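Trainee: Compute the structure for the input listed below.
(one chain, ligands or ions: 2)
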Amino acid sequence: MSLQYKNKNLVLLVVGCSGSGKSTYAIRFLLNCKASCRFIFDPRGEYADKLKRRACRVPAELHAAVGTGWVIYDPSYLFPGDPNTALEKFCEWAWTVSAKLPGQKIMFVDEVWKHCSPNFIPKSLAMILMDGRKNGIGSLLTTHRPNKLNDAIAGEATELVSFSLNGGLKLEWLAKNFDDFPVDQVKDLPPLHFIAQNLDSTAISRGELKF
Ligand SMILES: Nc1ncnc2c1ncn2[C@@H]1O[C@H](COP(=O)(O)OP(=O)(O)O)[C@@H](O)[C@H]1O
Ligand SMILES: [Mg+2]
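Mentor: Numbers count the residues shown, from 1 in each chain. Ligands and ions are numbered 1, 2, ... in the order given. Purely as a prediction, here's the structure:
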């Protein structure tokens, strides 16, 4: 299989405080994007519930779900109490599957700060962030604690979306990592309003999610 270089390697980072709209944005994005497969790490069952789809618990279910374009993984069955190992294995598996699957694939990890730290990131997630383009797999990551993220995430991000965000350390982190981003404006954003920046072109857009 040739390297899937023609696919854009998207690394979309969505930040914002709790209840600001990150999950709603992620769901809209996953529903609207033209991905051949979405890999969703769902330790709390939030996305199986919201998307009204069955979560996969064992490898046979994961493999069977690829053809539907929606692989929602519940790690609590095979990795109870150990979501970090589960995420490592899930990313590794998604990476391997993506090599054989044409089209754009996307890995979604909600509240990714829970699974990394400034000094640690699961190796296979780092591989997807840094080399995802080889296998046509982008990523969508959300966090309400951007300052707890690993540098690889900020370094590889291609798009930043910020909902309302407060707190000195969090805002400082945004300003430090994204020079041109209007950090001073995110404090006052109402729920479901966001500011987005394409980090390649630096173009900024604003939006509001509606139910
Ligand atoms: N289906 C819905 N209808 C109306 N409001 C909703 C719905 N889903 C979420 N919300 C509201 O939208 C806001 C954003 O929620 P959410 O996207 O889950 O935030 P986050 O993921 O940033 O914590 C919250 O105020 C939530 O109560
Ligand atoms: Mg959420």
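Trainee: and the nearest residue to residue 29 once chain neighbours are set aside, how many residues sit next to it?
Mentor: Closest residue in space to residue 29, ignoring its immediate chain neighbours: residue 140 at 6.2 Å, by C-beta to C-beta, 6 or more residues apart in numbering. Bear in mind the C-beta positions are built from the backbone N, C-alpha and C, glycine included. Using other C-beta atoms under 10 Å, residue 140 has 26 neighbouring residues.
Trainee: my read is residue 140 is in a strand, agree?
Mentor: Yes. The assignment for residue 140 is a strand, going by DSSP: H, G, I helix; E, B strand; the rest coil.
Trainee: Show me what it is bridged to.
Mentor: Residue 140 forms beta bridges with residue 12, residue 108, as assigned by DSSP bridges.
Trainee: That one reaches residue 32, doesn't it?
Mentor: No. Look at residue 140 against residue 32 with C-beta atoms under 8 Å: they stay out of range, at 11.9 Å.
Trainee: got the contact list for the residue nearest to residue 29?
Mentor: 10, 12, 14, 26, 29-30, 106-109 (C-beta atoms under 8 Å, 6 or more residues apart in numbering).
Trainee: Make a markdown table from the residues you listed and add pLDDT to it.
Mentor: Shown next, in a markdown table, are those (pLDDT from 0 to 100):
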| residue | pLDDT |
| --- | --- |
| 10 | 94 |
| 12 | 97 |
| 14 | 98 |
| 26 | 98 |
| 29 | 97 |
| 30 | 97 |
| 106 | 98 |
| 107 | 98 |
| 108 | 98 |
| 109 | 98 |
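Trainee: mind putting those residues in a markdown table, neighbour count included?
Mentor: Below are these laid out as a markdown table (neighbours: other C-beta atoms under 10 Å):
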| residue | neighbour count |
| --- | --- |
| 10 | 19 |
| 12 | 22 |
| 14 | 26 |
| 26 | 23 |
| 29 | 18 |
| 30 | 18 |
| 106 | 24 |
| 107 | 27 |
| 108 | 24 |
| 109 | 27 |
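Trainee: Which one of those residues is nearest to residue 190?
Mentor: Ranked by distance to residue 190 (C-beta to C-beta), the contacts of residue 140 are led by residue 14 at 16.6 Å.
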